[in-house]
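Engineer: requesting a structural model of the entry that follows:
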Amino acid sequence: MPITALGFLAVFSVGCLVALKRPFVGLLLYFFVFYMHPPGKYWGSFLPEMRWTLIVAVVTLLSTLMHAKNKSAWLKFKESKILLLFFAYTCIQIPIVTFSEVHIDYVILLFKLIIVFFLITTLVDSEKKLIALIAANCIGAAYIGLTALQTHTRGRFEAAGLPGIEDGNLLAIHLIPIIIISSSLVVTNYKKRFFIFIPLALAANLLFMSGSRGGIVGLIIAGLCFVYYSPKQKRGLIFQWALIGGIAGIMLVGPLIIERVNKVVKATDAEQIDKSAYSRFVIIESQWKMFKDYPLLGYGHRGTLLLSPFYVPDEYMTDTEIGGRRASHNITMSFLVDHGAIGAFLYFLLVFKSFMRVKEVKNNSEGLLNVRLILLGGCSGLLGLMTASQFSNSKVLEISIWFFALIACTSGILYKTNKPIGRDL
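Structural biologist: You can find the predicted model right below:
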């Protein structure tokens, strides 16, 4: 058995035992298992087939229910209420949609993600834990980046082997908020903040190796947001680091991304545009027609894929075992088609409420500056994630739920420091 597999088993076993008494350790173990993800790695074939992340989540949940003091505190967050309302709506859709078995898969996934949301918002209640959570994700992304450097030779890197991340675009979407919120640590006053440099560099390089044009756009938008909302105490320093980051980004842009961008920039008409890029506009047009046919309640999960034979032109279809199909490449249109105007409104209300916590960075002048910078990184990262998701559908990725929770609990830490407890967050 490979030494990596043995090491994984050792960390997993010991971690689960420790998590029974220390639930936050279980939360960190969850991210460790997510990034290692044995089914997606070559050494995973030497291990038994198990739901590794599910086991850790259950152990951590039980430990949290036994040891956490404020188990109902998570319900004070606006994000929690909207997320639960959206979940209730997806449950109401089950008897209405045509393919209920497909829709139920999403309902189950959403329920699991709500548990993770509960764990993050309940267990991350201090600066120290907040930094540990960010570092765990950055190191996890760096592990994938190091693997990519060791194994990948040419073309786009898409073999991340992570749950739900099946191509380079989704990998880039996952990385954007992690890179931005990890970068926020650099401009804090923490003594060991520069230790994040190496894993941050590996994660950033991995994003460029993915060759995702949408990912680059999302990263730029997130960076601009970080600079724009920066508190005046750190504005000069943040601008300097942003300039350094921009130069480093230009150096990391390889011929693959330049070639893919040129296919769009230098095109003079639709026939010359890279088909993978132009097809997105065709699909969005088809999705708008789908939405108009199912405007209020939606068609159900994966509606675009199921309806595509009736709306998408044949030349843009992809051959599958069940015939020509085409999936969504835009998260906004996905929610409109799948969940109608009601579901899309609830979800993007959640996005809006989470992002608008960025105002606390400037308004909360008496708050903890380091925590405010982390909140800024979380909100900016979420904006970058949503921007990149307009080019590739990230609906089922866990990262968005993680950041809804991370933004909420970061705001909660500020709230506890500066305001009396008892009001909704």
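
Engineer: can you list the weak-confidence ranges in the chain?
Structural biologist: Filtered on pLDDT under 70, the chain yields the residue ranges 254-277, 322, 364-367, 417-425.

Engineer: mind listing the strands for it?
Structural biologist: 318-320, 323-325 (DSSP state E).

Engineer: show residues contacting the last one.
Structural biologist: It refers to strand 323-325. 305, 308-309, 314, 317-318 (C-beta atoms under 8 Å, 6 or more residues apart in numbering). Quick note: C-beta positions are derived from backbone N, CA and C, even for glycine.

Engineer: could you pick out the buried ones from those residues?
Structural biologist: 305, 308 (16 or more other C-beta atoms under 10 Å).

Engineer: which ones among the contacts of strand 323-325 lie within helices?
Structural biologist: The helices, defined by DSSP state H, take in 305, 308-309 from the contacts of strand 323-325.

Engineer: mind checking which of the strands of the chain is nearest Leu376?
Structural biologist: For Leu376, the closest of the strands of the chain is strand 318-320, at 39.7 Å, according to C-beta to C-beta.

Engineer: okay, now the sheet partners of the closest one, with direction.
Structural biologist: Strand pairing for strand 318-320, determined by DSSP bridges: strand 323-325 (antiparallel).

Engineer: greatest separation within the contacts of strand 323-325: which pair is it?
Structural biologist: Using C-beta to C-beta, the two most remote members of the contacts of strand 323-325 are Leu305 and Asp314, lying 15.5 Å apart.

Engineer: Tyr30 versus Thr121, what's the distance?
Structural biologist: Distance, Thr121 to Tyr30, using C-beta to C-beta, to the nearest Å: 14 Å.

Engineer: same list, the ones in helices among the contacts of strand 323-325, but as JSON lines with distance to Val227 please.
Structural biologist: Putting the ones in helices among the contacts of strand 323-325 into JSON lines (distance: C-beta to C-beta, whole Å) gives the following:
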{"residue": "Leu305", "distance to Val227": "38"}
{"residue": "Ser308", "distance to Val227": "40"}
{"residue": "Pro309", "distance to Val227": "45"}
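
Engineer: let me know the closest of those to Ser400.
Structural biologist: Distance to Ser400, by C-beta to C-beta, is smallest for Leu305 among the ones in helices among the contacts of strand 323-325, at 19.9 Å.

Engineer: does the closest one really touch Ser328, like I thought?
Structural biologist: Yes: under the criterion of C-beta atoms under 8 Å, Leu305 makes contact with Ser328 at 7.3 Å.

Engineer: burial count for Leu185?
Structural biologist: By other C-beta atoms under 10 Å, 24 other residues sit near Leu185.

Engineer: how about the contacts made by it?
Structural biologist: Contacts of Leu185 by C-beta under 8 Å, 6+ apart are 131, 134, 193, 196, 373-374, 377.

Engineer: again, but for Ile179
Structural biologist: 141, 200, 203-204, 207, 219, 381.

Engineer: and what of His301?
Structural biologist: Going by C-beta under 8 Å, 6+ apart, the list of residues near His301 reads 97, 102-103, 105-107, 338.

Engineer: that one: what's its closest spatial neighbour, skipping adjacent residues?
Structural biologist: Nearest residue to His301, sequence neighbours excluded (C-beta to C-beta, 6 or more residues apart in numbering): Tyr106, at 3.8 Å.

Engineer: please apply the same query to Phe8.
Structural biologist: Leaving aside its chain neighbours, Phe8 sits nearest to Met36 (5.5 Å; criterion: C-beta to C-beta, 6+ apart).
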